[in-house]
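> turn this into a structure:
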Amino acid sequence: MLRIHFTEVDLARIRVTAEPDPMWEVLSTLHRLQSRGGRWQFAAWHRTIRADLNAAGLAGPVRKVLFPLYPLGPYLPDFLTPPESEGGITTALDGILRMPGRDVRAELRLLDRFSPVPSWALRLDQGAERREFTELIRRYHEVAVAPFTERVASGIVAHRALLARALLTRGVEGLLASLGPRFRWHPPVLEVDYRTDRDLHLHGRGMRIVPTYFSWGTPVALADADLPPVLSYPLNHPTVPEEALPAEDMPLGALLGCTRARVLRCIADGLTTGELAQVVGVSLSAASRHASVLRDAGLTTSRQIGPTVLHTLTPLGAALLRQAPGMGRKSGGSSSALPGRPGHRTVRP
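As a prediction, this is how the structure comes out:
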């Protein structure tokens, strides 16, 4: 368990990332390739990415170079997720290149205590070898992460909207209590399911929260307690795989189309466009388009609330759903799986 100790100053300095963090997503996708965790939920990504890595000539380098430095285990080198990552992939890789060689060497030696580090990796304290290494990360990101940016971003936006609601209604402590089933807020300590047992004292530095789309399992914090505190954790993905649709939606799907039928069911809980995109597994633009069609048909209504648009059912839409098979069998009458909503289930790793 990880215990994060907050002061009043720390509570005022919590930040939730606004954009997908490229280096945390690189780390997470590499773990998805090395583990069966999340294989069902990311089935479409797996089908695409293995073929694309082979076509780009990256399958071998990823396996031989990246896997050893991004192992599944209790320790990961902090230099692989630099603070500059908040500014995008280019600034992140520049941050890795600027890191003092002695720090890189020290982290690799620490990694070697938990997972064997190849002899070539110890030369990453030198500029030329590190530039070659970061170029491989860039190429991997272009194939495995960048093509999915819109879907990843829609998930982050939806999750931020949920946290924003918690913040507005219950304050910062409500936000911390709403991070997900792997977190427990016992003021002034946030308990986190973790691979090892440790305490992290923030000492007024605050914390950057990084929800990560491709992450699966337990959250991850930087190993060095002296670095700016960061906590990365998985988004609460729906417990159905990508592109899947429950069989009971098929009669309604015959009328509206499978995706639009699922959109209508999810709107039964009242969702923003970003939340809708995350739950259904479509892009923000697609979610907005489906919501517009349903609104024009008189099945839903949309209301602007600050920077977001909230979609809800009209009486006609609710009546249509009541006639669809299976509506009475689910708590809340919806197939959505958002944190804190009726019917939410979590698949443990």
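
> quickly find the element holding the residue lying closest to Phe214 once chain neighbours are set aside.
Excluding the flanking residues, the one nearest Phe214 by C-beta to C-beta, 6 or more residues apart in numbering is Ser28, at 3.8 Å. For the C-beta atoms, the positions are set from N, CA and C on the backbone; glycine is no exception. Following DSSP states H and E, one finds Ser28 within helix 22-34.

> before we move on, the earlier item: number of residues surrounding the residue nearest to Phe214?
The number of residues packed near Ser28 is 23, by other C-beta atoms under 10 Å.

> burial measure for Glu135, as a count.
11.

> tell me the bridge partners for the closest residue to Ile4 other than its chain neighbours.
Leaving aside its sequence neighbours, Ile4 sits nearest to Leu190 (C-beta to C-beta, 6+ apart; 4.4 Å). Taking DSSP bridges as the rule, Leu190 bridges to Ile4, Trp185.

> list the contacts for Leu190?
3-4, 6, 176, 183-184 (C-beta atoms under 8 Å, 6 or more residues apart in numbering).

> closest to Val104 out of those?
Ile4 (26.4 Å; C-beta to C-beta).

> give me the pLDDT value at that closest one.
Ile4 carries a pLDDT score of 95 in this model.

> ok, it touching Gly206?
No. Using C-beta atoms under 8 Å, Ile4 is not in contact with Gly206, being 11.1 Å away.

> got any residues that touch both of these two?
Between them, Ile4 and Gly206 share the contacting residues Pro229, judged by C-beta under 8 Å, 6+ apart.

> which one's more surrounded, those two?
Legend: neighbour count by other C-beta under 10 Å for Ile4 and Gly206, higher for Ile4 (23 against 18).

> host element of Met310?
No Met there; residue 310 is Leu. Residue-wise, Leu310 maps onto strand 308-313 under DSSP H and E.

> pLDDT (mean, whole number) over the next helix or strand after that strand?
As assigned by DSSP H and E, the chain's next helix or strand after strand 308-313 is helix 315-323. Helix 315-323 shows a mean pLDDT of 76.

> low-confidence regions, this structure specifically.
Within the chain, the segments meeting pLDDT under 70 span 236-255, 269, 305-307, 323-349.

> quick one, domains of it?
2-16+150-234, 22-148, 247-333 (automatic domain parsing).

> that older thread, give me the packing partners of the strand holding Leu310, helices and strands only.
helix 258-267, strand 271-272, helix 273-280, helix 284-296, strand 300-305 (3 or more C-beta pairs under 8 Å, 6 or more residues apart in numbering; DSSP states H and E).
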